[in-house]
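**Q** Starting from these lines, generate the structure:
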Amino acid sequence: MATDLENIPTWMPVVAAAILHGDGRVLMHRRPFGKHHGGLWEFPGGKVEPGETPVMALIREINEELGIILDSSAIAPVAFAESHPEGAVPAIVILLYTATLWRGEPHAYEGEGWGWFTLEEAKALEKPPLDIILLDSLRNLKKDA
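**A** Now for the predicted structure:
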């Protein structure tokens, strides 16, 4: 007989985009002040909904948050970071993708703003812990390239 515990997710998949400008800068998004980690800078993205692939979720989330449409042919996985579960809260696993082609101009439809930053400038921004890990992975990838 199945128990309710079998239906509780142990982790939540989240996607995020390192949207890369042609000059090497990355787009960072500022979280809404009223939410968890409010006011901190992050890679834009959000939860993967049932029935979505991570790339589908990424395209949807970026369109909702920034009003731009990512080109799926220019999206590539780059890193992931995970939190530890806390009580009844499942672990969060953020899958970071790079995105180099899109249509439209970014707008802050959700959140307190956005900006283009060099990787060194992005390092100095106040970020949630998982975004710090993701940015370090992205910076290491760029060093090796």
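**Q** Let me see the residues that make contact with stretch 22-41.
**A** Stretch 22-41 is contacted by residues 17-21, 42-44, 65-66, 106, 108, 110-119, 122, 125-128, 131, 138 when judged by C-beta atoms under 8 Å, 6 or more residues apart in numbering. C-beta here means a position set from N, CA and C on the backbone, and glycine is covered the same way.
**Q** Now do residue 63 against residue 36, distance only.
**A** Distance, residue 63 to residue 36, by C-beta to C-beta, to the nearest Å: 22 Å.
**Q** quick one, which of those two is more surrounded?
**A** When residue 63 and residue 36 are compared for neighbours, residue 63 comes out ahead with 16 against 8, by other C-beta atoms under 10 Å.
**Q** measure that one to residue 94 for me?
**A** Remark: distance between residue 63 and residue 94 (C-beta to C-beta) = 19 Å.
**Q** likewise residue 138?
**A** Distance of residue 138 to residue 94, given as C-beta to C-beta: 12 Å.
**Q** So, low pLDDT: which residues of this structure?
**A** 1-8, 87-88, 144-145 (pLDDT under 70).
**Q** Show me where it has its helices.
**A** 54-66, 119-124, 129-144 (DSSP state H).
**Q** Can you say which of those helices is packed in most?
**A** Most buried of the helices of the chain, by mean neighbour count (mean count of other C-beta atoms under 10 Å): helix 54-66, with a mean of 20.
**Q** Please save the CA atoms from that helix in CSV.
**A** Output of helix 54-66 as CSV, limited to C-alpha atoms (Å, rounded to 0.1, in the frame of the first residue of the first chain):
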residue,chain,number,x,y,z
PRO,A,54,14.2,21.6,-18.8
VAL,A,55,14.7,23.5,-22.1
MET,A,56,11.0,24.1,-22.6
ALA,A,57,10.8,25.4,-19.0
LEU,A,58,13.7,27.6,-19.6
ILE,A,59,12.3,29.2,-22.7
ARG,A,60,8.9,29.7,-20.9
GLU,A,61,10.4,31.2,-17.7
ILE,A,62,12.7,33.6,-19.6
ASN,A,63,9.8,34.8,-21.7
GLU,A,64,7.7,35.3,-18.5
GLU,A,65,10.4,37.1,-16.6
LEU,A,66,12.2,39.1,-19.3
